[in-house]
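Trainee: below are the sequence and a predicted model for it; my questions follow.
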Amino acid sequence: MNQPLNSRPKLFGLVGNHISYSLSPRIHNYVFSRFGIKALYGIFDIEPDHFDNAVVPLISSGIGINVTVPYKEAIIKYLDSLSHEAELTGSVNLVSDRVGFNTDYLALMDLVLENISVEKNGECIILGSGGASRTAAFLLGGMGMKLKIFNRSHSRAAKLIDDLKRQNISARIYDINEKTILSADGVVSGISDPDFVFPEMKCLWAISFNYGNRADNFLKKVDDSCKHVISGEQILAKQAIYSQKIWNHIEPSYDDIMEVINGQQLR
């Protein structure tokens, strides 16, 4: 016998490709249980060839969606409108009622303001030019930092630089290899390839959008003198809180979410 529509759990999920590692289901299903919300969060692992056909019904269904690599830019053309930060960065990682948001931007802004002293005209190296790197570039460039953008595709790096310049943000392409020693106030990695070989890095602070062992190759090359690291786990926790604020108008505890991410038993 079918359940009445109003008794079925609401559905939420993460759209991406090769994302079985994601902790988002653990986080959001915990939140639903903690707040007594009848809902389920799952993973929509979509191959690029099927993305167009798969994402349209997901958006049209009205379910809450998080978006990760490689679709943070590709999903935009299917949405009705964008929030200010999503329009600014050209990157979406959350959809609600056909509106795109960039909660990575909001999460990173909180963490930067809480933990890092950003110097105007200071120098920041951005590794990658996808959705996460775009987010960091617009945030830190908007705070007055001069940016060096590295991407294995020069055309993608050049497009990001053109977009930044339209916001009067100073940026240029930066070439590196495994023998390069990076030196800057800050270094940001949005590179999701776990096999990418990072050079040595000397910096006052570092930001990784990856978490768990996917961040290891980056973090082990950051010099011990680095004063602060904003981890992918911290960004994930903050953006999950913003997701729940937008979807369900609730605000889970940051400390609780970090405990879930770290696999600790919650009372």
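Mentor: Cool, got the structure. Residues are numbered from 1 along each chain as shown.
Trainee: ignoring the adjacent residues along the chain, who's closest to G122?
Mentor: Spatial nearest neighbour of G122, chain neighbours left out: D185 (4.0 Å); criterion: CB to CB, 6 or more residues apart in numbering. C-beta here means a position set from N, CA and C on the backbone, and glycine is covered the same way.
Trainee: ok so L204 is a strand residue?
Mentor: Yes. L204 sits within a strand when classified using DSSP: H, G, I helix; E, B strand; the rest coil.
Trainee: residues near it, how many?
Mentor: By other CB atoms under 10 Å, the residues close to L204 number 18.
Trainee: measure it to G186 for me?
Mentor: Distance of L204 to G186, given as CB to CB, to the nearest Å: 6 Å.
Trainee: before we move on, what about G62?
Mentor: For G62, the distance to G186 - CB to CB - is 39 Å.
Trainee: swap in A240?
Mentor: Applying CB to CB to A240 and G186 gives a distance of 24 Å.
Trainee: with Q239 instead?
Mentor: For Q239 relative to G186 (CB to CB), the value is 20 Å.
Trainee: one more: S192?
Mentor: In this view, S192 and G186 are 19 Å apart by CB to CB.
Trainee: would you map out the domains in this structure?
Mentor: As given by automatic domain parsing, the domain ranges for the chain are 5-101+234-261, 107-230.
Trainee: any chance of those domains in JSON lines, with mean pLDDT too?
Mentor: What follows is those, written out as JSON lines (pLDDT from 0 to 100):
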{"stretch": "domain 5-101+234-261", "mean pLDDT": "95"}
{"stretch": "domain 107-230", "mean pLDDT": "94"}
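Trainee: quick one: the helices in the stretch 101-250 of the chain?
Mentor: 103-115, 131-142, 154-165, 216-219, 232-248 (DSSP state H, counting those that start in this stretch).
Trainee: which strands and helices sit next to the last one?
Mentor: Contact here means 3 or more CB pairs under 8 Å, 6 or more residues apart in numbering; DSSP states H and E; on that basis helix 232-248 packs against helix 24-35, strand 64-67, strand 94-96, helix 103-115, helix 254-261.
Trainee: swap in 6 Å and give it another go.
Mentor: When contacts are defined as 3 or more CB pairs under 6 Å, 6 or more residues apart in numbering; DSSP states H and E, helix 232-248 packs onto strand 94-96, helix 103-115, helix 254-261.
Trainee: please identify which of these is closest to D162.
Mentor: Closest approach to D162 among these (CB to CB): helix 103-115, 19.3 Å.
Trainee: now the angle from that closest one to helix 254-261?
Mentor: 120 degrees (axes from the mean of the first three to the mean of the last three CA atoms, to 10 degrees).
Trainee: okay, buried residues for helix 103-115 please.
Mentor: T103, D104, Y105, L106, A107, L108, M109, D110, L111, V112 (16 or more other CB atoms under 10 Å).
Trainee: ok, of these, which one's closest to Y41?
Mentor: Comparing the buried residues of helix 103-115 against Y41 with CB to CB places T103 closest, at 14.8 Å.
Trainee: got the contact list for that closest one?
Mentor: Listed by CB atoms under 6 Å, 6 or more residues apart in numbering, the contact partners of T103 are N93, L94, Q239, Y242, S243.
Trainee: give me the buried subset of those residues.
Mentor: Among the contacts of T103, those classed as buried by 16+ other CB under 10 Å are N93, L94, Q239, Y242, S243.
Trainee: which residue is the nearest non-sequential neighbour of the fourth one?
Mentor: Nearest-residue entry for Y242: T103, 3.9 Å, with adjacent residues in sequence omitted and distances by CB to CB, 6+ apart.
Trainee: for that neighbour, give me the pLDDT.
Mentor: The model reports T103 with a pLDDT of 98.
Trainee: that one and G186, how far apart?
Mentor: Taking CB to CB, one finds T103 at 21 Å from G186.
Trainee: E251 looks like it's in a strand, true?
Mentor: No. Going by three-state DSSP, the assignment for E251 is coil, not a strand.
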